[in-house]
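> Pasting a predicted model and its sequence here:
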Amino acid sequence: MTRTHITIAALVLLACASGASASASAPYQPHNPITAHSQCAISAAKAGKIASQLYGGKVIDVKQVNANGRTAFRVKLLQPNGRIHSVLIDANSGKPLQ
């Protein structure tokens, strides 16, 4: 390899490594555009916090869904044992749905 190829390869590796470490350490930020425009008593972030406090684990995803005619948030939690636990949080009361 030439010096140019080595330099480019090093820059690519550096860019990938710095991007991965930044995203791995950043806290979860909900990015669901539906949530921003709907009339919910709680936010997606609040639903994630409620689910994490009730069931433990790290919030990895929050989506607004329709659960039997009710607006809810589906929160996915990464448990310490590596499993993913999904829970529904009512968007108006903040209570878990069965």
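Everything's here; your move.

> Could you look up the SS state of A45?
The three-state label given to A45 by DSSP: H, G, I helix; E, B strand; the rest coil is helix.

> quick one, strands of this protein?
For the chain, strands defined by DSSP state E occupy the ranges 58-67, 70-78, 84-90, 96-97.

> buried ones in the first one?
Taking 16 or more other CB atoms under 10 Å as the basis for neighbour counts, the residues of strand 58-67 that come out buried are V59, D61, V62, K63, Q64. Heads up, the C-betas are built off the backbone N, CA and C, glycines and all.

> Quickly run through the sheet partners of it, with directions.
strand 70-78 (antiparallel) (DSSP bridges).

> Next: the third one.
Using DSSP bridges, strand 84-90 pairs in its sheet with strand 70-78 (antiparallel), strand 96-97 (antiparallel).

> which other residues reach it?
Among residues not part of strand 84-90, those counted as contacts by CB atoms under 8 Å, 6 or more residues apart in numbering are 42, 47, 50-51, 54-55, 57, 60, 65, 67, 70-79, 95-97.

> Need the buried ones from the residues you listed selected in ChimeraX.
This is how ChimeraX selects the buried members of the contacts of strand 84-90, with burial counted by 16+ other CB under 10 Å:
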select :42,47,50,51,57,71,72,73,74,75,76,77,78,96
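
> Wait, P80 touches Y55, no?
No - look at P80 against Y55 with CB atoms under 8 Å: they stay out of range, at 11.4 Å.

> what residues are up against I42?
I50, F73, I89, A91, N92, G94 are the contacts of I42 under CB under 8 Å, 6+ apart.
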